[in-house]
Every structure is written in structure tokens, then in C-alpha cells.
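[1] Show me how the following folds:
(one chain, ligands or ions: 2)
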Amino acid sequence: MDGSAVIETTALSRRFGDVTAVDNLALAVRTGEIFGVLGHNGAGKTTTVRLLNGVLAPSAGSMRVLGLDPALDGPQLRLRTGVLTETPSLDERLTARENLAYYAAMYAVPVNDVSRRVGQMLETFDLSTRADDKAGGFSKGMKQRLALARALIHRPELLFLDEPAAGLDPVATRQLHELIQQLSRYEKRTVVICTHNLDEAERLCDRVAVMEKGRLVAIGTPVELRRRLGGALQLVLEVEPAYISTALAVVGRQPKLKAFQEASGVVTVQGAQREQIPALVSALIAASVPVYRVALQEPTLQDVYFSIHGNSVKNEQATSATPSVPSTTEVRQ
Ligand SMILES: Nc1ncnc2c1ncn2[C@@H]1O[C@H](COP(=O)(O)OP(=O)(O)OP(=O)(O)O)[C@@H](O)[C@H]1O
Ligand SMILES: [Mg+2]
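    Ligands and ions are numbered 1, 2, ... in the order given. Just a heads-up that it's a prediction; the model follows:
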């Protein structure tokens, strides 16, 4: 790993009794990247974040975060990291402004800066009009926005966000994504996001890691993972509905192609290679099938996810058309 790694773990493990929550994890996160951590419930995402912040001690292995050892330098490290936990606890008796000011003081924000910084965060997270209301009376999404503001109040170099969009409405979600991109692109801050939202991961993250039962099973950019693990391309044909059975028969005669009727006049074709498309279209036209649309669908991160978890998730499409992943799949740029 190059010198710009902000997080580096070697054989990191954490056990709780018989459960190995994090198992032999080797991970490197680079400065300024938006790094997604995906995985089923119980995969070990939150435990990893807690280890990296020095809130939990590892059972084995080592790690460096911002050049420090979280297990030894926890308090010093946490002054430089911001964390949005899975279930953030705000002081509900305090107002939004007081919550932020309290955290600013705790995280050593210079006294002269506190009021301005608090005002900025309230503005950024659209809480200015409710700044002097008690947090206890806030809606779920407002509490989440306040918790995000709190995680950012001391301008951390490294931000951990555990399900940041939970409870946010679509507008707030988009604003949050834009903010995360700004932090990464223009301020070179590093953001680690645990998410179940594969769309969010695909659009936002520079790289994603997929965890399963505490282990890292795949890592790479969303594009790399899609190409490597997303399975076969799928072709969607839109034809005149009256000709659907002819279209299915024509596709069926092509080597290795399987066709399914998706909807009226829509046929999906599995197993197609890009090079087969011209011959397929010619065959359809030769059979007098009116073809209105031919679309090649690239696999999504969702297809990747289901291919990785293919054994444990009942998803016919994923299990029939995609490879299984025997061990960590490192896809390098
Ligand atoms: N404090 C704890 N005591 C006992 N077991 C724990 C503790 N924290 C985590 N675990 C166990 O470790 C495993 C991983 O949990 P973790 O919370 O890291 O998963 P996760 O990937 O964040 O899941 P989710 O998507 O549901 O948030 C689970 O089996 C969980 O029960
Ligand atoms: Mg979790």
C-alpha cells in the first residue's frame, strides 16, 4: 500500500464469545476516497468501524488509522475522526444549537470559532429554523441530520458514517451525498460509509468492500466489481407484442442464448455476448419481427452483491447467471 493510506489493517479480528465479528481483515483506505462497506446484517461492518475508532479492542491483528494505533491512541485519534453511529444518541434535553456547541467544546474547536461553526452546520443540514428547539422534539430525519452535523463539527479528517441516509428524505439524502462528495473532492477528507443502499454505494463510493461473516470477500471500484462479478450481460428486446412467440423462437435458436418474456412485447435475453447482437437482430428481422428497441443492460452493484451472497440469498437471476466468489476478490485499478 502506498504512503497515502489513512486506514490500514492487518489480520484484524474481533471475537465476541463464539462469534467472530471481524475475521482476519486486511484493508487499506486511501486519503480522500469515499469508501463503502457493504454486507448483510451481522457481517461485521459496525464492529469494524468501532475497532478503527478505538472504541473496541481487537482480539488479534493490528491497524493504523491516521498514523495512530486506535487501540492505544483512541482519544487522540477521535479528535481527528468524526463518527455517525448506527443509533446516534443526542442529548434530547438540549436544543440543536446546544448539542452542537457541547460537542464542539468536547472536540476542542477553538472557542472563538464555535458559534460560527455551529451556525454553519445548522445551515448545511437545514436546521437553522429549529436551532433553538429541543432535540427531543425532532423527527427521526431531523435527529439524523443533527447527528451528521455533530459528526462534522470539528472538521474531521476522516469520517465514519454508519447508514448515514437512514431516515432522511430524498432531498436531504441528495444534499448529504453532495456534501460527502465535496468533502472528498475539494477537502481531501476520507469518508467510510457502511450502507445497505447499493444504489448509494454505486453512485457515491470510489471503492467498495463487501464483507460476509466478518471476512472481506470483495473489494474494488463499483465499475471493476460490476465487470468482474456482475455476471453476464442481459439484453432487452422490445418487439411488436403479436410477434413475441416468433421472437422467443428466433432467440432460442441462437447458440447459448436463453429468452424470457418479461412483459407484453418485452423479451429479456440472457447469456448474450456483445458480438452476437447484430446476428440476433438480423435473424429477428429476417423472421419479420418488428423490433422497436434493443438495449444491453450492464450488471449493477446489486447484481454483484447477489452474486457474492448467491448461496444465502434466493435470487434466481443471480444464482443462475453469475459466478460464486470463493475468496477475497481484489480488483485493482
Ligand atoms: N457488543 C457485542 N456483543 C456481542 N456480539 C456482538 C457485539 N457487537 C457485535 N456483535 C456480533 O458481531 C457480529 C457483527 O455485528 P455488526 O454489528 O458488526 O454487524 P453489521 O455488519 O454492522 O450488521 P448490520 O447491517 O445489522 O448493522 C454479529 O453477529 C453481532 O451479533
Ligand atoms: Mg451495523
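[2] From Gly36, how far out is Gly82?
    Separation of Gly82 from Gly36 (Cβ to Cβ, to the nearest Å): 17 Å. For glycine as for every other residue, the C-beta is placed from the backbone atoms N, C-alpha and C.
[3] Going along the chain, name the strands of the stretch 1-150 of the chain.
    5-16, 19-30, 34-38, 60-65, 81-84 (DSSP state E, counting those that start in this stretch).
[4] Once you drop chain neighbours, what's closest to the residue of the stretch 51-200 of the chain found nearest ligand 1?
    Nearest to ligand 1, among the residues of the stretch 51-200 of the chain, is Glu86, at 5.9 Å (Cβ to the nearest ligand atom). Take Glu86 and drop its neighbours on the chain: the residue closest to it by Cβ to Cβ, 6 or more residues apart in numbering is Asp162, 4.6 Å away.
[5] Name the spans of the chain whose pLDDT lies under the cut-off.
    Low-confidence segments of the chain (pLDDT under 70): 1-3, 230-232, 310-333.
[6] Show me it divided up by domain.
    Listed domain ranges for the chain are 5-227, 234-297 (source: automatic domain parsing).
[7] Adding mean neighbour count, write the ones you listed out as JSON lines.
    JSON lines is the format used below for these (neighbours: other Cβ atoms under 10 Å):
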{"stretch": "domain 5-227", "mean neighbour count": "18"}
{"stretch": "domain 234-297", "mean neighbour count": "15"}
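[8] right, and those - which one's nearest ligand 2?
    domain 5-227 (3.1 Å; Cβ to the ion).
[9] which secondary structure element contains the residue nearest the centre of the chain?
    Central residue of the chain (Cα atoms, centre = their mean): Ala201, 3.1 Å from the mean position. Following DSSP states H and E, one finds Ala201 within helix 198-204.
[10] Helices of the stretch 101-250 of the chain, residue ranges please.
    Listed in chain order, the helices of the stretch 101-250 of the chain (DSSP state H, counting those that start in this stretch) span 111-124, 140-152, 170-185, 198-204, 222-229, 244-253.
[11] Output the shortest one as PDB, restricted to C-alpha atoms.
    Output of helix 198-204 as PDB, limited to C-alpha atoms (Å, rounded to 0.1, in the frame of the first residue of the first chain):
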ATOM      1  CA  LEU A 198     -26.400  -0.400  -3.100                       C
ATOM      2  CA  ASP A 199     -27.600   2.500  -5.300                       C
ATOM      3  CA  GLU A 200     -26.000   4.900  -2.800                       C
ATOM      4  CA  ALA A 201     -22.800   2.900  -2.800                       C
ATOM      5  CA  GLU A 202     -22.700   2.700  -6.600                       C
ATOM      6  CA  ARG A 203     -23.200   6.400  -7.100                       C
ATOM      7  CA  LEU A 204     -21.100   7.700  -4.300                       C
END
